[in-house]
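Undergrad: structure for the following, please:
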Amino acid sequence: MMSKMGCHVMLLVLLLIKVSLAMVLDDEATVFRSDSLPSNKNFMATVGNGYVATAVYSDTIFMNGLFNGEGGASHRARIPATVSVTVSLDGSTSQSYALDVAQGVFSHTIQSKVANVQQRTYAHQFYTRLLVTEITVNRTDAMATREPEPIRVDLKSNMGGPSDDVEFHDGPDFQGGKYMLGKIKQPELKGGDKPIVHVLWTPVPDNITLPADQSSQTWTFITSISSNQKEAEQYFHDGTNLAGKGRLYTNHTQSWLKVWEEGRIETTGNLQLQQAIYGSLYYILSSLPPLNAPKDFEFFGVSPGGLANGKYQADYQGHIFWDQATWMYPPILLLHPELALSMLESRTRVLDAAKGNARKRGYNGAMFPWESAYTGHEVCPAPGPLKYEHHVTGDIAFAAQQYFLSTMDVNFLLYQKGYDFITSMAQFWASRTQYDDNKKKYVIKAVMPPDEYHENVDNSAYTNIVAMYSLKFASKIAKLLGKATPSNWTDIVDNMYIPFDKTLQYHPEYDGYNTNIKIKQADVILLGYPLLYNMSEQVYRNDLTIYERVTDEKGPAMTWGIFATGWLQLGNITKANSLFARNYKNIQEPFKVWTETSFGAGAVNFMTGMGGFLQAVMNGYGGIRLRENQLDYYPTLPEDTTNFNIIGLDYRLNKLNFEADCNQIRITLTRQDKGHQQLRLKVMATGQEHVLQPGVPVVFSRGAASIFPQTTL
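TA: Numbering: from 1, shown residues only. Below is the predicted model:
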């Protein structure tokens, strides 16, 4: 950790050069530069906007909700990458590449004696059906003494061969663009529908030429993709029109700026940390709908590898798991609750399928599949998780609970299937439990816990708790709306069996577990955070200590952030810093692409790991805890960090800035949206209370604080 003196020195330097340094730091934190591309193509940067996405220079575009293959073979359907172009220039003296996450743009720059060439590739953040490549050629002054000559730039399309997933047919050209329409080859369910996709694109020539009498010119290549032909045509037309006016790119970058203005995390002093934060937020946001998404944007969810990955037998085939609800969702909820709602709606969209799944398995209510894709039916190809990993329904229910505690969005309950959604999951858990006469408790048998090294075990501590939470939350929501619930729900909540070893004072992962059994990933440690299960500090410490020793070091990335969060809560900052630092081993240079494992294997652009990392930042170092009737904040500065700010945290329709340095905290209410609740801040060390007013900061010595809303659940 940085010493107190070091912190003061750095603060003094920052004060002296505050204005001039800020922009440099922002640029360093948000632009990932390299003179070469990664040798492993899996580590290439991606661009996306929640509707379409691609890995730069790949031959593949993926579209939200477009899957091909039956059952467990369902995977993202490949669309040939009509936007993928490689640029080259004879006589080039240098080349560089950059991913600018602040603007959502990947660029390639070529310099030579006669010209500078810049290529920019992006998925438009406002016009979400568009992927764009722009190439600008600028003549240099080095050859000013000579007669100007035409400058040729060679282009190579990386569109690739025909798709194995979509049966495409050429259609008539449209406004100078090529057109093809296609239908997936194999539906997810036998006899099911085969979604259609329409693609319009600007054809890519073998070369472009800057005429001798021009000093600069830009060529724009647009791809428009939609399930609706008229929509694809309209977006292509609008994109071409804006490009002709020179406004297509600025419209895109301004849209990204609004995203960052709404919510972000800032640190100073630790560039590696700040780059990892911005990179992680960018990649997750690139797989979510934009803030301006229309109401009819049908979102299908975030898979572990994001929208730019998910081909057959790779990156979990684009399927949606517990990862979305447990790992990617929490940081998005705090910064962008409207996007968190989109993530929940990816589940309410297929609520009927979940109800059918429950009936098929002999249960009541709604049982969400372990893996979901297009239809919401089970598409898990592995028999163990398919049969036993039921905690996903509890994970989704807990996400719904967190959403409501953060927003108190009654409209979601009444008009967006929310009440049916929440109570249907509780109905499932009520039917999934059984009363054990020997234990005098309700139990859940034959499950696979989050630790996927063990299946068909009884009474997973984690599973039983999320089931209990689901029933308890549904009961409270029903009471709020004046509705009745089955009488046995309260009995199950009050008498749910949670494994506990009184001798060792820790929570066994399941019945029969012993402390020498190796586990895959975060499981019982999730009880302390995010579940906030009531236990003593000593028990929490024992859980963390015991499970750290037996957790597979080659396991997936998200685990270590949860360990760090736990140790931060218990005040062991040195241990937390050490465990948190393990995250960096999963970040692949130069474009900060996460891999599932620290040695580069598994899913790429592993958003599950990014989500765990961001939770360690916000909820670990930030000390944010979203409780039933309050929001807690108790920050710890990350290692080598002098300032740590959470900008635009959203709570009960209020936007808040939490700013911490070495000595003090500043909390500012920056905006109140329609329907907001009045907030009251209590500083725990002094007991002082403040009614938060827009634009009026509350400043106090660094320590714990809680924010209380006007209305409680």
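Undergrad: my read is that residue 365 contacts residue 422, right?
TA: No - counting by CB atoms under 8 Å, residue 365 stays clear of residue 422, with 10.3 Å between them. For glycine as for every other residue, the C-beta is placed from the backbone atoms N, C-alpha and C.
Undergrad: more neighbours: which of these two?
TA: Remark: of residue 365 and residue 422, residue 422 carries more neighbours, 26 against 22, as counted by other CB atoms under 10 Å.
Undergrad: quick one, what contacts that one?
TA: Contacts for residue 422 (CB atoms under 8 Å, 6 or more residues apart in numbering) come out as 397, 400-401, 413, 470, 473-474, 477.
Undergrad: how many residues are close by the residue nearest to residue 354 when sequence neighbours are not counted?
TA: Among residues not flanking residue 354 along the chain, residue 366 sits closest, at 3.9 Å (CB to CB, 6 or more residues apart in numbering). Residue 366 has 29 neighbouring residues, counting by other CB under 10 Å.
Undergrad: hmm, residue 350 and residue 366 touching each other?
TA: No - with contact defined as CB under 8 Å, residue 366 does not count as touching residue 350 (9.4 Å).
Undergrad: dump stretch 678-688 to CSV, restricted to CA.
TA: The C-alpha trace of stretch 678-688 is given here as CSV (Å, rounded to 0.1, in the frame of the first residue of the first chain):
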residue,chain,number,x,y,z
GLN,A,678,-35.5,11.9,-0.6
LEU,A,679,-32.2,10.5,0.8
ARG,A,680,-30.8,11.0,4.2
LEU,A,681,-27.0,10.5,4.8
LYS,A,682,-25.7,9.4,8.2
VAL,A,683,-21.9,9.6,9.0
MET,A,684,-21.3,6.7,11.3
ALA,A,685,-18.3,8.0,13.2
THR,A,686,-20.0,11.2,14.3
GLY,A,687,-23.7,10.3,14.0
GLN,A,688,-24.3,13.4,12.0
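Undergrad: ok so, going back, tell me, what's the model's pLDDT at the residue nearest to residue 354?
TA: Confidence at residue 366, expressed as pLDDT, is 98.
Undergrad: mind listing the strands for the stretch 201-350 of the chain?
TA: 207-210, 216-226, 264-268 (DSSP state E, counting those that start in this stretch).
Undergrad: in CSV, list the ones you listed along with distance to residue 512, mean pLDDT and mean neighbour count.
TA: Below are those laid out as CSV (distance: least, CB to CB, whole Å; pLDDT from 0 to 100; neighbours: other CB atoms under 10 Å):
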stretch, distance to residue 512, mean pLDDT, mean neighbour count
strand 207-210, 68, 98, 17
strand 216-226, 51, 98, 22
strand 264-268, 41, 96, 21
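Undergrad: to residue 508, which of these lies closest?
TA: Each of the strands of the stretch 201-350 of the chain has some distance to residue 508 by CB to CB; the shortest is strand 264-268, at 35.7 Å.
Undergrad: each with direction, which strands does the closest one pair with?
TA: Paired with strand 264-268 in the same sheet, following DSSP bridges, are strand 643-651 (antiparallel).
Undergrad: tell me the mean pLDDT over the strand it pairs with?
TA: 98.
Undergrad: immediately after it, which helix or strand?
TA: Next along the chain after strand 643-651, taking DSSP states H and E as the criterion, comes strand 654-660.
Undergrad: could you check the angle strand 654-660 makes with the helix or strand that comes right after that next one?
TA: Once the chain leaves strand 654-660, the next helix or strand it forms, by DSSP H and E, is strand 664-672. For strand 664-672 against strand 654-660, the angle by axes from the mean of the first three to the mean of the last three CA atoms, to 10 degrees is 160 degrees.
Undergrad: give me the helices and strands touching strand 664-672, please.
TA: If you count contacts as 3 or more CB pairs under 8 Å, 6 or more residues apart in numbering; DSSP states H and E, strand 664-672 packs onto strand 654-660, strand 698-701, strand 705-709.
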